[in-house]
Structure formats: C-alpha cells, structure tokens
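Trainee: Below are the sequence and a predicted model for it; my questions follow.
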Amino acid sequence: MVPHLSERDALLYLERLGLAVEEPSVEALNRLHAAHVERVPYETTWIHMGEQWGVDRHESVKRIVDQRRGGYCFHLNGALSLLLDWLGYDVTLHVGGVHGPDGPSVAAMENHLVLVVAGLSSRENPGGAWHVDAGLGDALHEPLPMIAGRHTQGPFTFDVSHGDGAIVDWRFGHHHLGSFDGMGFRSEPTAIETFANRNRFLSTSPDSSFAQTVTAQRRDATGVDVLRAKVLRRVEGTIVSETVVDTRGEWFATLVEVFDLDLSAVPESSRDTLWRSAERSHKDWLSRTD
C-alpha cells in the first residue's frame, strides 16, 4: 500500500495551486482540477535535458511542490491522485490510451493514466462518477461527468461515450483543434506501477513523440497554450494564433511567463541541451513543411 501524502507536501501542493483545504464536493473538485491545469504545466523538458523520471507518485509530488516542475500524465495525474486521497476523495487510477482517428487500440493502452473520482453526485451527474484528468495537456479544464453525451467547457466541446468493453469501457472525444483525436479507458482500477514500462519507452525511445519534440502545454478557462519546439500556439475556440519563439532568451522566458516553468535552477549545461533539442526538432519540422 502506498503511504499517504504527508501534511507538509499536501499543504505545499495546495499552496502551489492557490487553494485552501476544502471538504470534498463537486465545486471543490472543479476548483482543484482547474487550478491544477492552469498552474502545473504539462511538460516534457525533463526528457530533453536527459533527466530520468519514474512513475513514483510521491516523487512526482516532490517535483511539483519543491521544484515547481510538471510532467506528463503519469506524473500529473499520479501526483493529483495523492492530493485527492489526502483531501478525502474516493479516487482510483485507470489504464487509458490516447489514440488517433482509427479509435482505441490494444497497442495504445497504458500510454495514459486516467483518474476517476466516485461518490460525488450532483443534479447533472446523479451517479457521482467523474473523469478527472490533469494529464491530457490541451483538453480538460474541469472534470467531466461520466455520462454519455456532449460536454462543453469554455470554447471547447468534448464527446463522452461508452466503449464496447473489448478494449475500453469509456471513450473521450477531443475537439477538432485538439492535439489528438481521442482517448479510451478501462473501468477496472489499476496501480501506478502498471505504467512503468510505458513511461520508460515514452521518455527514452527515439520512436517516442515525447522524446522527439519538447512540449509545454497549459489549459485555462478560455483556451490553451501549447509550445512545441519553437512554435507557440494559442487556441481559443476556432481562433488560432502561432508565433515562432526564435531566440534562446525568449524561449526560456516563454516557459516562465506562459507556463510558469522556471528552469533557472537547472544546470546551464542541461538548459543548453534542451535548447539544442528545441532548435533541432524545429528545423526537422521546417524541413517537413517545405
């Protein structure tokens, strides 16, 4: 059994989110989720600096509260699950798979960690189960009720549907300007260790898109900011703007100003490695678009 989050880490975590301790409720869960995606970035800079992160949930929390770092789904949702547990929520971990236009596949499963919070009924969700996901980058701002249908958050509308049970039990459909088509997940709870091998592949394999292109992403109430290599993209509904962040100084300043990701405490050599990776992948992208 994984030890509970310490009071020290829980309170520092809430401080990072700008929140106070609240009893579990739908409203409090919404505030917690929104603050998390707004203040703790989805980011892969660590991969491109040669850092090796596992899936241990307490280590993910320490990076968030002590280093003001982020991570991707295994780290963001993993850490959030401990905070939710400490606050008294009934939270479970689930195997998910982000997929393309062909839909869920066995090969995609375990590339995403999903959280489900149960026991919080509301008028719109009498069953009380919620899809909680701070690790989808440019997708959710608040939890989604686990009810089939279309759900709107700010300028974006998402589809929730039942799977056929063969591969997934639930399906999430992203909006048309999202960075992926959809994600499916299973109803059966799992443990964080389930994702260790896939995390190792995603963070180290040359075939992994995470290892190929550095990214930082941040969702807010009106849209999403996404940095891929040197291209900064802002999406607000159907309005999309793009800027090339061309210099090293501008690029690291963008991480701080847009994504609250200050890497000044990281060794200079690591930041140099990161910048070279951003330049290299940007050049590769230009060569493919010419």
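Mentor: Sure thing, it's come through.

Trainee: Could I get the buried residue list for stretch 113-121?
Mentor: 113-117, 120 (16 or more other CB atoms under 10 Å). C-beta coordinates here come from the backbone N, C-alpha and C atoms, glycine included.

Trainee: Pull the contacting residues for the nearest residue in space to residue 105 that is not next to it in sequence.
Mentor: Spatially, and ignoring its direct neighbours in sequence, residue 105 is nearest to residue 99 (6.1 Å; CB to CB, 6 or more residues apart in numbering). Counting by CB atoms under 8 Å, 6 or more residues apart in numbering, residue 99 touches 105, 108, 180-184.

Trainee: Secondary structure element holding the closest residue to residue 212 other than its chain neighbours?
Mentor: Once flanking residues are discounted, residue 212 sits nearest to residue 281: 6.3 Å by CB to CB, 6+ apart. Counting by DSSP states H and E, the element that carries residue 281 is helix 268-289.

Trainee: Could you list every helix and strand in contact with that helix?
Mentor: helix 45-48, helix 248-259 (3 or more CB pairs under 8 Å, 6 or more residues apart in numbering; DSSP states H and E).

Trainee: quick one: buried residues of the last one?
Mentor: Burial within helix 248-259, assessed by neighbour count using 16+ other CB under 10 Å, is assigned to 251-252, 254-255, 258-259.

Trainee: Tabulate the residues you listed (a markdown table), appending distance to residue 43 and pLDDT.
Mentor: Shown next, in a markdown table, are the buried residues of helix 248-259 (distance: CB to CB, whole Å; pLDDT from 0 to 100):
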| residue | distance to residue 43 | pLDDT |
| --- | --- | --- |
| 251 | 13 | 98 |
| 252 | 13 | 97 |
| 254 | 12 | 98 |
| 255 | 8 | 98 |
| 258 | 11 | 97 |
| 259 | 7 | 97 |
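
Trainee: Please identify which of these is nearest to residue 137.
Mentor: Nearest to residue 137, judged by CB to CB, of these is residue 259 at 11.5 Å.

Trainee: give the contact list for the closest one.
Mentor: Residue 259 neighbours (CB under 8 Å, 6+ apart): 41, 43, 70, 216-218, 225, 227.

Trainee: Likewise for residue 198?
Mentor: So residue 198 contacts 110-111 (CB under 8 Å, 6+ apart).

Trainee: Confirm it sits in a helix?
Mentor: Yes: with DSSP: H, G, I helix; E, B strand; the rest coil as the criterion, residue 198 is part of a helix.

Trainee: re earlier: okay, the helices and strands packed on helix 268-289 in CSV with distance to residue 173 next?
Mentor: What follows is the helices and strands packed on helix 268-289, written out as CSV (distance: least, CB to CB, whole Å):
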stretch, distance to residue 173
helix 45-48, 28
helix 248-259, 26
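
Trainee: Pull the number of nearby residues for residue 41.
Mentor: Using other CB atoms under 10 Å, residue 41 has 26 neighbouring residues.

Trainee: err, residue 20, not the other one
Mentor: 10.

Trainee: I figured it hits residue 13, correct?
Mentor: No: with contact defined as CB atoms under 8 Å, residue 20 does not reach residue 13; the gap is 11.9 Å.

Trainee: any idea of the pLDDT on the closest residue to residue 11 other than its chain neighbours?
Mentor: Closest residue to residue 11 apart from its sequence neighbours, by CB to CB, 6+ apart: residue 21 at 7.7 Å. Residue 21 is assigned 97 on the pLDDT scale.

Trainee: so who does residue 21 touch?
Mentor: Contacts of residue 21 (CB under 8 Å, 6+ apart): 11, 14, 87.
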